[in-house]
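A.B. asks: Could you work out the structure for the sequence below:
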Amino acid sequence: QVHLVESGGGSVQAGGSLRLSCAASASGYIYSSYCMGWFRQAPGKKREGVAAIESSGSISYADSVKGRFTISKDNAKNTVYLQMNSLKLEDTAMYYCAAGGVGLVVSFYRNWGQGTQVTVSS
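C.D. replies: Presented below is the predicted three-dimensional model:
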C-alpha cells in the first residue's frame, strides 16, 4: 500500500497556470517502478484520466489537455507533478493522484490520494 498526498490546487483565472504535486510514501514501495497518473472528477461526472507517466518514462495525455498540461516525476523525491497551463473553465475538478495502474484507465489503479481542488474562473 502506498500513501499519496496531493498539493498545489487552488483557484485561478482562465488562462492561468497551476502546478500540482503528489508525494508518495510507503514501506518497501519502489516508486520508480510504478506508473503514476493524474485523474480528475468534476461534479456529476465520472472520474477521468488526465496524464500518466510509466516507469519507462512513457507519457500519456488525455486529448483535452494535450499541449497544455505536462506530467513529470522526480524519483529521488518520490514525487510526480502536473504542470497545468492555459487553464480553461472546463478544467475545474477535483484532481487525484494515483499509483500502480496502467495508463489513463481509472479502474486499473488501486492507490489513490485524497485529491486537491482546482477551480478555474472567468
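A.B. asks: quick one, helices of the protein?
C.D. replies: Ranges of helices within the chain: none, based on DSSP state H.
A.B. asks: beta partners for the most centrally placed residue in the chain?
C.D. replies: Centroid check for the chain by CA atoms, centre = their mean gives residue 38 as the closest residue, at 2.2 Å. Residue 38 has these beta-bridge partners by DSSP bridges: residue 51, residue 97.
A.B. asks: so it makes contact with residue 47?
C.D. replies: No: with contacts defined as CB atoms under 8 Å, residue 38 does not count as touching residue 47, sitting 11.0 Å away. All C-beta spots, glycine's among them, are computed from the backbone N, C-alpha and C.
A.B. asks: got any residues that touch both of those two?
C.D. replies: residue 96 (CB atoms under 8 Å, 6 or more residues apart in numbering).
A.B. asks: which one is residue 77 nearest to, not counting chain neighbours?
C.D. replies: Of all residues not flanking residue 77 in the chain, residue 23 sits nearest, at 7.4 Å (CB to CB, 6 or more residues apart in numbering).
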